[in-house]
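Q: I would like the atomic coordinates for the input below:
(one chain, ligands or ions: 1)
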Amino acid sequence: MSEQELQALRVRIDNLDERILELISDRARCAEEVARVKMKELKEGESPVFYRPEREAQVLKRVMARNQGPLGNEEMARLFREIMSSCLALENPLKVAYLGPEGTFSQAAAMKHFGHAVISVPMAAIDEVFREVAAGAVNFGVVPVENSTEGAINHTLDSFLEHDMVICGEVELRIHHHLLVGETTQTDKITRIYSHAQSLAQCRKWLDAHYPNVERVAVSSNADAAKRVKSEWNSAAIAGDMAANLYGLTKLAEKIEDRPDNSTRFLIIGSQEVPPTGDDKTSIIVSMRNKPGALHELLVPFHNNGIDLTRIETRPSRSGKWTYVFFIDFVGHHRDPLVKGVLEKLAQEAVALKVLGSYPKAVL
Ligand SMILES: C=C(O[C@@H]1C=C(C(=O)O)C=C[C@H]1O)C(=O)O
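A: Residues are numbered from 1 along each chain as shown. So this is what the prediction gives:
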């Protein structure tokens, strides 16, 4: 391609960028206007709700439906995700707590869901994320709830039994693990590999094949593992890209997870109920009387009404030995008449029933 042609294309790009800049600024002014209207309509004692997860899900879906390429739908939605994040930060920057330290997959999930214009606050444990949200110190929390290779994250499920929380969203993240070393690591003398227990489990077969005799040490997070290897010449860590970049580590082996589709689902917890979008999920906790057929009784109303269960998980209840609670996710919103009917029926049969929240299905 000649220099002249390139020059002409660059002029076109500069002109387009100017238009994009103007349009984004117009959009941001609209968001400011939305904030002004919301404030005006506030009754006494009410605090304004700027963040609308149901509206954001609709905006992203519309973008994906109208996109004609050449950028892919997900790529385009990611760009709009960031535009919305910045527009919302003009109204009111959200504070989001996650399982820290910096560089964890929970932080990556928070960024994927809310964009980069939020203030993200690392917490030392899942329970602390719940407490921080309950205390009103942050607007939302992001907690892992299940992994496609390793199953339920029990700390999170148990925290729902102890705290009154509303689930207002979900986000799924592809999890890629790498074997990371520091500048001073002697790679032929590694005697210890640090990671979170979940990640060690997700890479079990790879470790058995490549480092069968090396000690595996479970630490509080992948980012913590990455931090440790910086100062230990005989150690390596298993962690993701964010932690590798943050702590300046090198990848000795990439994508070492046993299953290539390894993903983790995270929940967004807060205090605000989310209205229906038409494409929602609901999470409930039910405890049934300990009698034969209890699980069957629990499932029948869903089956009879054609409601799609997406997950069912059992945990020991806190109130007695050998009694259980069920965590159930299904498609629909608790305000849908059909779902309402099922929940009423369940409430009659159950010892306790709690709706944890209805929220838009993950868009990205
Ligand atoms: C602008 C609004 O507020 C926020 C910003 C949005 C946006 O930038 O599109 C969408 C929903 C809200 O989180 C709104 O309520 O429409």
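Q: For stretch 85-92, buried residues please.
A: S85, S86, C87, L88, A89, E91 (16 or more other Cβ atoms under 10 Å). The way it works is simple: take the backbone N, C-alpha and C, and place the C-beta from them, glycine included.
Q: what residues are up against the second one?
A: So that's S86. Shown here is S86, whose contacts under the criterion Cβ atoms under 8 Å, 6 or more residues apart in numbering are A28, G115, A117.
Q: From Y51, how far out is the last one?
A: Looking back up the chat, that one is A117. From A117 across to Y51, the span is 12 Å (Cβ to Cβ, to the nearest Å).
Q: Spell out which parts of the protein neighbour the ligand.
A: A31, V34, F50, Y51, R52, R55, E56, V59, M84, C87, L88 (Cβ under 6 Å from any ligand atom).
Q: Can you flag the buried ones in those?
A: Using 16+ other Cβ under 10 Å, the buried ones in those are A31, V34, F50, Y51, R52, E56, V59, M84, C87, L88.
Q: which SS state does the last one fall under?
A: When the structure is reduced to helix, strand and coil (DSSP: H, G, I helix; E, B strand; the rest coil), L88 reads as helix.
Q: hang on, it packs against C30?
A: No: counting by Cβ atoms under 8 Å, L88 does not reach C30; the two are 12.0 Å apart.
Q: before we move on, the earlier item: which of the residues of the chain next to the ligand fall in helices?
A: Applying DSSP state H to those, the entries found in helices are A31, V34, R55, E56, V59, M84, C87, L88.
Q: Please name the nearest non-neighbouring residue to the first one.
A: Put plainly, it is A31. Among residues not flanking A31 along the chain, C87 sits closest, at 3.8 Å (Cβ to Cβ, 6 or more residues apart in numbering).
Q: Neighbours of Q68, how many?
A: 7 (other Cβ atoms under 10 Å).
Q: ok, the contacts of S86 vs the ligand, which is closest?
A: A28 (8.2 Å; Cβ to the nearest ligand atom).
Q: Apart from its neighbours in sequence, what residue is nearest that closest one?
A: C87 (5.1 Å).
Q: wait, doesn't the one you found sit right on R27?
A: Yes: taking contacts as Cβ under 8 Å, C87 lies within contact range of R27: 6.3 Å.
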